[in-house]
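Test case, fold it:
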Amino acid sequence: MPASLPVRLRARLSRGVPPRADLVARHVAGRSFADVGCMWSVHGAISFAAEDAGATEVSGMDVMGQTAEFQAEHARRGSKMRFVQGDLHDEVALAGLGAHDVVWCSGVLYHAPHPLLTLERLRSVTRETLILATETIPERIGRRNVCVFAPEPGIHPTHTEPFDPARGYVNWYWAITPSALRAMLGAGGFEITEEHRTAYHTTVVAQVTRPG
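So this is what the prediction gives:
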């Protein structure tokens with residue numbers, strides 16, 4: 001969620017969602033863990049939380065390089081977390097990340113041009129459990145499984161920047177309803193076992209039903 005949002009709005013949008021570190025900790029002890037989108041604004045914090053919770057192996061991936069904040073915390077901890085810079089949609093980069101028992105992915109799906117492909121890529125590196133966090137929009141009365149292609153501002157209250165192809169994933173591509181998210185996860189080979197929703201956010205825990 002953008003740090004520039006007013007504090008009250010950030011609190012309202014986050015209400016009801018378990019603390020991310022706590023949610024991850026419930027699933028990673030004794031299992032390998034990967035964080036896809038680990039760097040932007042969080043500087044590897046979820047990966048470090050997974051280490052603290054007893055993950056056997058921790059990897060992170062992002063299209064952006066290591067931040068100074070990440071490097072400093074990595075050094076301070078003596079962390080063994082492995083970082084892979086690359087795009088989830090690049091098969092070479094994906095092979096470099098490899099498969100993990102638990103995969104965390106936050107703030108990526110709605111920025112992706114092809115969200116179903118994104119879920120397929122996530123499934124290919126998820127052996128057991130995907131924890132996915134994404135911004136969503138309220139359900140449409142009388143309609144389910146709605147996705148709005150939204151490269152222009154105004155569809156979602158936190159999206160204010162105009163579409164610019166040169167900015168890549170910074171652009172907002174999709175406004176997704178929770179029912180559409182559930183349908184896409186099912187089509188992508190996942191079954192949701194836990195769901196947490198606020199007005200404009202959904203976090204799910206899903207199990208792989210179809211190997212990648």
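
Read off the pLDDT value for residue 198.
In the predicted model, residue 198 carries a pLDDT score of 88.

burial measure for it, as a count.
When neighbours are defined as other Cβ atoms under 10 Å, residue 198 has 15 of them. All C-beta spots, glycine's among them, are computed from the backbone N, C-alpha and C.

Likewise for residue 114?
Other residues lying near residue 114 total 12 when counted by other Cβ under 10 Å.

Residue 96: what's its closest spatial neighbour, skipping adjacent residues?
Nearest residue to residue 96, sequence neighbours excluded (Cβ to Cβ, 6 or more residues apart in numbering): residue 84, at 5.0 Å.

Just to check, the one you found is in contact with residue 61?
Yes - using Cβ atoms under 8 Å, residue 84 makes contact with residue 61 at a distance of 4.7 Å.

Show me the common contact partners of these two, please.
Here residue 84 and residue 61 have 93, 97 as joint contacts, going by Cβ atoms under 8 Å, 6 or more residues apart in numbering.

ok, back up a step: the residue nearest to residue 96 should be in a helix, yeah?
No - Residue 84: not assigned to a helix; according to DSSP: H, G, I helix; E, B strand; the rest coil it is strand.

which residues of this protein fall in helices?
Secondary structure of the chain (DSSP state H): helices located at 7-14, 20-28, 45-52, 68-77, 91-97, 115-124, 178-187.

Against which helices or strands is the fourth one packed?
Helix 68-77 makes packing contacts with helix 45-52 when contacts are defined by 3 or more Cβ pairs under 8 Å, 6 or more residues apart in numbering; DSSP states H and E.

what do you get if the cut-off is 10 Å, keeping everything else the same?
In terms of contact count using 3 or more Cβ pairs under 10 Å, 6 or more residues apart in numbering; DSSP states H and E, helix 68-77 is assigned the packing partners helix 45-52, strand 57-62, strand 82-85.
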